[in-house]
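Visitor: whatever this is, show me its structure:
(one chain, ligands or ions: 1)
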Amino acid sequence: METLEFQAEARQLLQLMVHSIYSNKDIFLRELISNASDALDKLRLAKLQDGLEADTSDLHIEIETDAEARTLTVRDNGIGMTRDEVVALIGTIAKSGTAELLGKLKEAKEAKENPELIGQFGVGFYSTFMVADKVILVTRKAGTEGHGTRWESAGEGTYTIDDEPDAPVGTTITLHLRPKDEDDALYDYVDEWKIKEIVKRYSDFIAFPIRRVSSGDGEPEVLNSQKALWARPRSEVTDEEYHQFYRHISHDWTDPLEIINMKAEGTFEYEALLFIPSRAPHDLFQRDARRGLQLYVKRVFIMDDSKELIPDYLRFVKGVVDAADLSLNISREILQQDRHIQMIRRRLVKKVLSTIKDLMSSSPEKYATFWREFGRAVKEGLLAEPDNHKPILEIASFATTHGSEPTTLAAYVERMKEGQEEIYFLTGESRSQVENSPHMEAFQAEGYEVLILTDPVDEIWVDAVPEFEGKKLRSIARGTVDLKKDEEEKEPEGDFAPLLGFLKEKLDERVKEVRLSHRLTTSAACLVSDADDITPALEKMYRAMGQEGPRVKRILELNPNHPLVAGLRAAHERGAEDPALPDTAELLYGTALLAEGGDLDDPARFAKLLADRLARTV
Ligand SMILES: Nc1ncnc2c1ncn2[C@@H]1O[C@H](COP(=O)(O)OP(=O)(O)OP(=O)(O)O)[C@@H](O)[C@H]1O
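Guide: Okay, here's the model as predicted:
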């Protein structure tokens with residue numbers, strides 16, 4: 001017999017379990033049944049796809065209680081585990097992001113107040129320690145000869161592991177129950193009615209029979225109806241049943257925001273049951289996160305995380321697709337090329353997008369939640385699926401200078417001023433940075449609405465999307481802007497020509513052009529990108545990804561009505577040789593860069609120039 005230590009993170013999680021941060025302890029049984037069901041799926045699949053020799057004629061889950069010994073046993077005749085697997089799977093937590101979450105959960109008190117936080121990672125097998133002070137797991141892997149493995153722990157720092165000579169194939173988990181304490185929601189889990197209630201509530205849809213055996217009783221009783229939820233008409237399924245199923249497949253603690261049923265008949269039949277969660281998982285933007293749907297073929301589970309069924313930008317959608325005409329032996333490789341799968345995927349996308357669109361009118365609050373949680377991911381679809389620009393843009397909303405609530409593009413277009421032909425936007429790092437950017441000045445002064453785009457993905461998709469309802473999307477930090485229709489109000493460029501030429505020469509390394517601006521009302525100067533150039537934010541992103549390219553020069557625009565610019569022109573006219581002029585040019589450029597939230601190349605030099613100049617004014 002060997003005594004081993006739990007990995008540090010596993011120990012922390014166990015601690016939380018032992019000290020019962022969950023107010024609902026009943027869920028331990030749901031977790032055990034869920035694992036058993038997965039193990040049965042895996043055995044059936046191993047036989048089907050890998051030709052494993054195994055008896056799958058009576059796959060089932062058994063629950064046995066012994067009131068005297070106060071034990072509860074959950075048994076399955078599924079795939080089982082090898083000794084190494086027991087150590088790796090039960091002694092450690094391999095899931096990404098767990099450490100981080102555990103950090104947040106350190107305070108058990110906080111966890112009690114935040115059930116959703118803990119719901120974000122499956123507590124799984126460890127939840128048994130909420131109700132048991134000793135857990136024994138005996139298992140044998142299907143297809144292995146000889147002995148099985150016995151694992152035992154009291155949920156503290158260590159566990160023991162040993163050979164078990166006569167273990168049958170599958171896994172048996174025996175809990176030595178703590179004394180009941182109903183004040184602490186710790187019920188009597190040897191009670192027949194309690195078991196029935198829990199199974200009915202949480203595990204009714206499990207595809208394998210869950211049988212209750214009890215010493216003395218005669219025939220075992222089947223506790224669940226085993227009906228595949230996606231195959232039942234929506235009107236016959238309660239929300240509670242859907243929610244439990246959602247938990248089984250998603251391991252999310254909170255109820256889903258929306259449930260989608262689909263059924264296609266005809267040449268290619270399939271059924272789908274999809275869920276849109278009500279909150280983004282913590283790993284929505286992590287590359288290694290689990291994504292994809294469950295694939296079944298005629299009620300037989302084939303695989304988890306089937307990415308081929310749903311595009312990456314809808315990776316938060318959970319659910320099941322049950323296709324009638326696929327081979328049970330289908331592999332991931334074949335899945336990628338399968339025409340039917342591609343067709344299903346297109347239909348699912350269409351359905352998800354139209355469901356969100358319906359929410360916008362039927363339940364604006366739900367829609368707002370959806371967009372807040374998942375909008376950032378959905379916008380990636382504008383890059384990935386040009387064919388779906390329209391339906392994606394229709395469900396998108398954006399922060400805007402028109403009030404504090406986000407707006408749809410349709411609502412923006414409706415509010416457009418007479419004569420306005422483009423949809424104006426400005427990208428940046430935060431709302432306040434964008435709002436206070438010099439680029440905004442003329443638009444604000446003239447009463448034009450500007451969309452405020454602050455997600456990193458915004459920098460990219462705006463270049464991929466040419467228009468919405470025939471209106472071009474237009475960055476107000478790019479190209480020329482001419483909001484004033486009245487030619488007479490404009491300053492003649494001619495008077496400024498010598499100054500513009502001088503500045504261009506002095507700032508040649510940084511700007512490609514210096515010109516008068518029509519977008520400034522209060523600032524002296526601003527920087528804009530040429531219509532076809534990439535923006536500084538994008539340049540920065542490329543750089544961060546390791547793609548060095550040549551520096552893109554921008555255009556310096558001056559406000560002819562600003563006293564600084566007027567004064568500079570006068571000074572330049574008095575004498576172009578004035579030694580203070582080049583410094584002023586640099587200060588002007590630096591100030592424009594700072595005003596839009598940009599980074600100076602040489603902040604120390606800028607600070608020195610500024611201090612010298614200020615010293616002369618005090
Ligand atoms: N009855 C079982 N038969 C075979 N393997 C099992 C069984 N129970 C658990 N396992 C293995 O142990 C692993 C860890 O189980 P655990 O319940 O802790 O987490 P999980 O099921 O992977 O995640 P979650 O709890 O989020 O569902 C499982 O993924 C599975 O590989």
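Visitor: flag every residue of the stretch 251-400 of the chain that's near the ligand.
Guide: residue 251 (CB under 6 Å from any ligand atom). For every residue, glycine as well, the C-beta is placed using N, CA and C.
Visitor: phi and psi next, for the residue of the stretch 251-400 of the chain found nearest the ligand.
Guide: Per CB to the nearest ligand atom, residue 251 is where the stretch 251-400 of the chain lies closest to the ligand, at 4.1 Å. With angles defined as degrees, to the nearest 10, residue 251 sits at phi 60, psi 30.
Visitor: ok, now residue 305?
Guide: phi 50, psi 40.
Visitor: what pLDDT is listed against it?
Guide: In this model, residue 305 is scored at 89, pLDDT.
Visitor: and what of residue 253?
Guide: Confidence at residue 253, expressed as pLDDT, is 79.
Visitor: helix or strand for the closest residue to residue 81 other than its chain neighbours, which one?
Guide: Counting by CB to CB, 6 or more residues apart in numbering, the nearest residue to residue 81 once its immediate chain neighbours are dropped is residue 139, at 4.7 Å. With secondary structure defined by DSSP states H and E, residue 139 is part of strand 132-140.
Visitor: and that strand, average pLDDT?
Guide: Mean pLDDT, strand 132-140: 97.
Visitor: just checking the distance from the next helix or strand after that strand to the centre of its chain.
Guide: Note on strand 132-140: by DSSP H and E, the next helix or strand toward the C-terminus is strand 148-153. Centroid displacement of strand 148-153 relative to its chain, using CA atoms, centre = their mean, to the nearest Å, is 37 Å.
Visitor: and strand 148-153, what does it pack onto?
Guide: Applying 3 or more CB pairs under 8 Å, 6 or more residues apart in numbering; DSSP states H and E, one finds that strand 148-153 makes contact with helix 83-90, strand 132-140, strand 158-164.
Visitor: quick one, which of the ones you listed is nearest to residue 552?
Guide: Nearest of these to residue 552, taken as CB to CB: helix 83-90 at 49.9 Å.
Visitor: under the pLDDT cut-off, which ranges of this structure? List them.
Guide: 20-22, 94-123, 215-217, 484-492 (pLDDT under 70).
Visitor: list, one by one, the residues from it near the ligand.
Guide: Residues of the chain lying close to the ligand (CB under 6 Å from any ligand atom) are 31, 34-36, 39, 76, 78-81, 89-90, 122, 124-125, 171, 251.
Visitor: ok, back up a step: so the residue nearest to residue 81 sits right up against residue 163, yeah?
Guide: No. Between residue 139 and residue 163 there is no contact under CB atoms under 8 Å: 11.5 Å.
Visitor: more neighbours, those two?
Guide: The neighbour count for residue 139 versus residue 163, taken as other CB atoms under 10 Å, is higher for residue 139 (27 against 12).
Visitor: ok, the more buried one - contacts?
Guide: For residue 139, the contact set (CB atoms under 8 Å, 6 or more residues apart in numbering) comprises 80-81, 86, 148-149, 151, 167, 170-172.
Visitor: and the nearest residue to residue 533 once chain neighbours are set aside, helix, strand or coil?
Guide: Leaving out its chain neighbours, the residue that sits closest to residue 533 by CB to CB, 6+ apart is residue 552, at 5.0 Å. Look at residue 552: counting by DSSP: H, G, I helix; E, B strand; the rest coil, its state is coil.
Visitor: could you check how far residue 552 is from the ligand?
Guide: Counting by CB to the nearest ligand atom, to the nearest Å, the separation of residue 552 from the ligand is 47 Å.
Visitor: from residue 536, how far off is that residue?
Guide: Note on residue 552: its distance to residue 536, by CB to CB, to the nearest Å, is 8 Å.
Visitor: what about the one residue in the stretch 451-600 of the chain that gets nearest to the ligand, which SS state?
Guide: Distances between the stretch 451-600 of the chain and the ligand by CB to the nearest ligand atom are smallest at residue 457, namely 28.7 Å. What three-state DSSP gives for residue 457 is helix.
Visitor: which residues does the nearest residue to it once chain neighbours are set aside contact?
Guide: Excluding the flanking residues, the one nearest residue 457 by CB to CB, 6+ apart is residue 379, at 5.0 Å. By CB under 8 Å, 6+ apart, the residues touching residue 379 are 313, 392, 396, 455, 457-458, 461.
Visitor: would you confirm that residue 125 belongs to a helix?
Guide: Yes. Secondary structure of residue 125 (three-state DSSP): part of a helix.
Visitor: that one touches residue 32, doesn't it?
Guide: Yes. Between residue 125 and residue 32 a contact is recorded at 7.4 Å, counting by CB under 8 Å.
Visitor: can you list residues touching both of the two?
Guide: residue 173.
Visitor: who has more neighbours, the two?
Guide: For residue 125 versus residue 32, the count of surrounding residues by other CB under 10 Å is larger for residue 32: 25 against 18.
Visitor: follow-up on the earlier one: each with direction, which strands does the strand holding residue 139 pair with?
Guide: Sheet pairing for strand 132-140, assigned by DSSP bridges, gives strand 148-153 (antiparallel), strand 170-177 (antiparallel).
Visitor: mean neighbour count and distance to residue 422 added to the ones you listed, as CSV?
Guide: Formatted as CSV, those follow (neighbours: other CB atoms under 10 Å; distance: least, CB to CB, whole Å):
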stretch, mean neighbour count, distance to residue 422
strand 148-153, 22, 65
strand 170-177, 22, 63
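Visitor: so which of these is nearest residue 53?
Guide: Per CB to CB, nearest to residue 53 of the strands paired with strand 132-140: strand 170-177, 15.0 Å.
Visitor: please state the offset of that closest one from the chain centre?
Guide: So, by CA atoms, centre = their mean, the centroid of strand 170-177 is 35 Å from its chain's centroid.
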